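**Q** Show me how the following folds:
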Amino acid sequence: MTYYDSIADGYERLHYEEQIKKLNIIKDNLPIKKEDTLLDVGCGTGFSRDVFDCDWTCIDPSRKLLEKAQGRVFLGRAEAMPFPDKSFDVVISVTAIHNFKDIELGLNEIKRVGNKRFAFGVLKKSKESEKIKKLIEEIFDVRKVVEEEKDIIFIIY
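**A** Below is the predicted model of the structure:
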């Protein structure tokens with residue numbers, strides 16, 4: 001059982017409003033069309049499905065959170081995703097990267113399964129935030145950075 005499995009029953013109450021705010025920032029800054037395929041890495045209960053009107057898929061390591069998500073959900077980790085190269089038009093990960101066991105591997109996997117558009121919300125107070133920011137800037141061609149109250153949001157296209 002993961003930490004997120006243990007808080008699954010209260011997860012939406014704790015995080016919904018904050019995450020929706022960040023997802024709307026992504027929506028306002030990254031072009032996403034109805035026909036696009038989108039992968040949410042570390043999706044939790046699938047809040048992004050409420051924001052993006054497209055072909056939506058999510059992956060998360062918490063079985064209990066995924067039980068609350070509706071749609072195409074996969075139990076798994078960012079570091080070893082079960083998708084072919086360039087499977088998704090858009091890949092997002094919001095306030096999840098600091099939980100990856102191997103951040104660099106996870107980001108490279110995201111790049112592998114994505115096509116050209118990505119967005120990442122990086123938790124400012126994470127002890128890994130500087131490392132994450134540096135890796136995102138090395139691996140991706142960042143077009144825009146949006147400072148949000150709790151996250152720094154990287155937009156790539």
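
**Q** Check what pLDDT residue 113 gets.
**A** Looking at residue 113, its pLDDT reads 98.

**Q** Low-confidence stretches in this protein?
**A** Residues of the chain that meet the criterion pLDDT under 70 lie in 1, 5-16.

**Q** all strands of it, in order?
**A** Using DSSP state E, the strands of the chain run over residues 37-41, 55-60, 72-75, 88-94, 114-123, 142-147, 151-156.

**Q** I'd like these as JSON lines, with mean neighbour count appended.
**A** Just so you know, the C-beta spots here come from the backbone N, C-alpha and C atoms, and that holds for glycine as well. Conversion of the strands of the chain to JSON lines gives the following (neighbours: other CB atoms under 10 Å):
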{"stretch": "strand 37-41", "mean neighbour count": "25"}
{"stretch": "strand 55-60", "mean neighbour count": "22"}
{"stretch": "strand 72-75", "mean neighbour count": "16"}
{"stretch": "strand 88-94", "mean neighbour count": "26"}
{"stretch": "strand 114-123", "mean neighbour count": "22"}
{"stretch": "strand 142-147", "mean neighbour count": "13"}
{"stretch": "strand 151-156", "mean neighbour count": "21"}
